[in-house]
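Enquirer: Below: sequence and its predicted model.
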Amino acid sequence: MKEIQGGITAAKGFMAASTAAGIKYQGRTDMAMIYSKEPCVSAGTFTSNVVKAACVQWDMKIVKSDKPMQAVAINSGIANACTGKEGFDACEATAKGVEAALNVPFESVAVASTGVIGMQLPVDKLVSGVKAMAPDLDESIEAGTAASKAIMTTDTVNKEIAVEIELSGKKVTIGGMSKGSGMIHPNMCTMLAFVGTDVAIEKELLQQAVSDVVADSFNMITVDGDTSTNDTMICMANGLAGNEKIVCKDDDFNKFKDALSYVCTSLAKTMAADGEGASKLFEAKIVNAKSKEDAKTLARAIVGSNLSKAAIFGCDANFGRFLCAMGYSGADFDQNDVELYFESVNGKLEVFHKGTPIVFDEERALEIMKADTVTVFVNMNEGESEATAWGCDLTYDYVKINADYRS
């Protein structure tokens with residue numbers, strides 16, 4: 001597997017465009033479109049929030065059907081959530097606008113929105129935006145990067161990545177882009193993510209790969225404990241790589257899944273690091289737990305604790321906060337088996353050993369915790385399972401950003 005330059009347009013046949021439609025923001029692009037020259041099999045995962053945005057329900061219907069997907073129209077600024085029939089009408093109008101502009105069936109067009117909940121979308125601006133983007137669709141890296149920037153809301157950086165692998169003697173590419181900075185919490189976190197690949201694969205197997213990968217990537221990040229109404233991850237595969245079609249869980253399937261995991265994990269970590277107001281990526285790695293589920297539960301609890309996040313921000317090696325979060329996580333363990341370390345590019349330091357605190361050098365701990373990425377490494381000494389979760393520190397700026405988000 002090789003990481004290459006680019007994002008959503010990296011794979012054969014994928015094009016992108018963006019425009020300033022004036023949905024909410026002024027003076028910046030706020031709509032993007034992804035298009036595949038060939039119809040795609042699709043797979044996806046969506047928010048577990050019972051309150052699902054109209055666009056989520058629209059996309060779930062397409063992904064669950066046998067119909068192909070060929071385009072996605074995305075707007076940032078307004079979420080199209082809690083908008084009733086008018087919200088569904090906006091989805092259909094957008095899809096039909098793509099149908100008219102690109103001559104593809106509107107039933108093959110996914111739509112996605114992010115932004116303020118409870119506001120109606122300006123349908124005329126959506127349709128005009130689609131019309132403006134259609135002639136600008138381009139396969140270039142630059143077009144993909146521009147699209148990744150157009151879907152940002154409170155994000156401070158755009159998020160994209162691409163990789164190449166070889167399957168049955170053919171080069172296969174996977175490229176993706178995502179957005180996410182706040183309201184991020186597992187199952188799923190507040191995010192939009194789009195992956196385009198030229199692999200030839202059966203729809204059911206694509207969905208299996210996506211579901212498995214999301215469980216260990218996008219579902220292992222948290223910023224603030226809130227799960228959005230709009231979370232959407234869509235993967236489109238157009239088969240243009242010409243590899244022997246993946247029809248069973250063979251070596252090619254596993255290679256593809258590993259590459260997809262790399263793409264999604266990279267995007268997820270970038271989202272966690274770009275949490276609203278964040279100054280650090282906060283990672284929790286659990287090893288030697290009784291079960292995979294326990295490992296996940298413990299890792300999520302550590303990065304999800306506001307007290308833990310505040311300690312990471314303050315570079316305070318207060319290990320009790322992390323042990324406390326583990327203790328109320330719901331996972332059963334014996335604290336007398338636990339070893340806890342702080343780790344970064346500046347070194348690794350054990351601070352708690354099998355039930356007993358260790359006298360450690362506070363200056364050394366401070367040096368380790370000053371790094372841009374800080375890991376709480378925990379050896380449970382109770383099994384063979386492991387998991388990693390990602391979050392960010394809790395800073396003063398988080399409150400500032402969210403206090404005036406709507407206004």
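Expert: Good, I have the coordinates. If you're wondering where the values come from, they're calculated on a predicted model, not measured in any experiment.
Enquirer: these two touch, right, residue 245 and residue 200?
Expert: Yes: when contacts are counted by Cβ atoms under 8 Å, residue 245 is listed as touching residue 200 (4.2 Å). Every C-beta, even on glycine, is put in place using the N, C-alpha and C of the backbone.
Enquirer: which neighbours do these two share?
Expert: Common neighbours of residue 245 and residue 200 (criterion: Cβ atoms under 8 Å, 6 or more residues apart in numbering): residue 239.
Enquirer: Among these two, which residue is more densely surrounded?
Expert: residue 200 (22 against 13; other Cβ atoms under 10 Å).
Enquirer: For that one, which residues are in contact?
Expert: Counting by Cβ under 8 Å, 6+ apart, residue 200 touches 237, 239, 241, 242, 243, 244, 245, 246.
Enquirer: for the last one, which residues make a bridge with it?
Expert: Right, the one you point to is residue 246. Taking DSSP bridges as the rule, residue 246 bridges to residue 201.
Enquirer: swap in the first one?
Expert: Beta bridges link residue 237 to residue 41, residue 197 when assigned by DSSP bridges.
Enquirer: quick one: it and residue 16, what's the gap?
Expert: For residue 237, the distance to residue 16 equals 17 Å [Cβ to Cβ, to the nearest Å].
Enquirer: show me what contacts residue 215?
Expert: Counting by Cβ under 8 Å, 6+ apart, there are no residues that residue 215 touches.
Enquirer: does the residue of the chain positioned farthest from its centre sit in a helix, a strand or a coil?
Expert: Taking Cα atoms, centre = their mean, the residue of the chain most remote from its mean C-alpha position is residue 359, at 38.9 Å. Three-state call for residue 359 (DSSP: H, G, I helix; E, B strand; the rest coil): coil.
Enquirer: Next one: it from residue 282, what distance?
Expert: Here the criterion is Cβ to Cβ. By it, residue 359 lies 25 Å from residue 282.
Enquirer: do residue 144 as well
Expert: For residue 144, the distance to residue 282 - Cβ to Cβ - is 29 Å.
Enquirer: buried stuff in the lengthiest helix in the chain?
Expert: Within the chain, and with DSSP state H defining each element, the longest helix by residue count is helix 251-273. Judged by neighbour count using 16 or more other Cβ atoms under 10 Å, the buried positions of helix 251-273 are 252-253, 255-257, 259-273.
Enquirer: Next: stretch 126-134.
Expert: Across stretch 126-134, burial judged by 16+ other Cβ under 10 Å covers 126, 127, 128, 129, 130, 132, 133, 134.
Enquirer: I'd like these written out as JSON lines, with pLDDT, secondary structure and distance to residue 67 added.
Expert: Output for the buried residues of stretch 126-134, formatted as JSON lines (pLDDT from 0 to 100; DSSP: H, G, I helix; E, B strand; the rest coil; distance: Cβ to Cβ, whole Å):
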{"residue": "126", "pLDDT": "95", "secondary structure": "helix", "distance to residue 67": "22"}
{"residue": "127", "pLDDT": "97", "secondary structure": "helix", "distance to residue 67": "22"}
{"residue": "128", "pLDDT": "97", "secondary structure": "helix", "distance to residue 67": "26"}
{"residue": "129", "pLDDT": "97", "secondary structure": "helix", "distance to residue 67": "24"}
{"residue": "130", "pLDDT": "97", "secondary structure": "helix", "distance to residue 67": "20"}
{"residue": "132", "pLDDT": "97", "secondary structure": "helix", "distance to residue 67": "26"}
{"residue": "133", "pLDDT": "98", "secondary structure": "helix", "distance to residue 67": "23"}
{"residue": "134", "pLDDT": "98", "secondary structure": "helix", "distance to residue 67": "21"}
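Enquirer: which residue sits closest to residue 369, ignoring its sequence neighbours?
Expert: Sequence neighbours aside, residue 315 is the residue nearest to residue 369 in space, at 4.0 Å (criterion: Cβ to Cβ, 6 or more residues apart in numbering).
Enquirer: The one you found belongs to a strand?
Expert: No: counting by three-state DSSP, residue 315 falls outside a strand, being coil.
Enquirer: Got phi/psi on it?
Expert: Torsion angles at residue 315 (phi, psi; degrees, to the nearest 10) stand at phi 50, psi 40.
Enquirer: so how far is residue 139 from the closest residue to residue 367 other than its chain neighbours?
Expert: In space, and not counting its chain neighbours, residue 367 is closest to residue 346: 5.2 Å by Cβ to Cβ, 6+ apart. Residue 346 is 42 Å from residue 139, where distance means Cβ to Cβ.
Enquirer: Also residue 7?
Expert: Distance from residue 7 to residue 139, by Cβ to Cβ: 12 Å.
Enquirer: So for these two, which residue has more residues nearby?
Expert: Neighbour totals were compared for residue 7 and residue 139, and residue 7 leads with 29 against 17 (other Cβ under 10 Å).
Enquirer: before we move on, the earlier item: between residue 144 and residue 282, which one's more packed in?
Expert: Higher neighbour count among residue 144 and residue 282: residue 144, with 31 against 28, using other Cβ under 10 Å.
Enquirer: I would like the residues contacting the strand or helix carrying that one, please.
Expert: Using DSSP states H and E, residue 144 falls within helix 141-150. Here helix 141-150 makes contact (Cβ under 8 Å, 6+ apart) with 5-10, 14-19, 29-34, 74, 76, 136-137, 158-160, 175, 177-179.
Enquirer: Okay, now the unreliable bits of the chain?
Expert: Scanning the chain with the threshold set as pLDDT under 70 gives 181-190, 223-228, 275-277, 396-407.
Enquirer: in it, which spans are helices?
Expert: Listed in chain order, the helices of the chain (DSSP H) span 54-64, 84-102, 123-133, 141-150, 203-215, 251-273, 292-304, 306-313, 319-327, 362-369, 396-403.
Enquirer: Of all those helices, which one comes closest to residue 43?
Expert: Ranking the helices of the chain by proximity to residue 43 (Cβ to Cβ) places helix 203-215 first, at 3.9 Å.
Enquirer: who touches residue 71 in this structure?
Expert: Counting by Cβ under 8 Å, 6+ apart, residue 71 makes contact with 33, 34, 35, 36, 98, 102, 104, 108, 109, 110.
Enquirer: meant to ask about residue 121
Expert: Going by Cβ under 8 Å, 6+ apart, residue 121 touches 23, 75, 78, 80, 83, 87, 90, 113.
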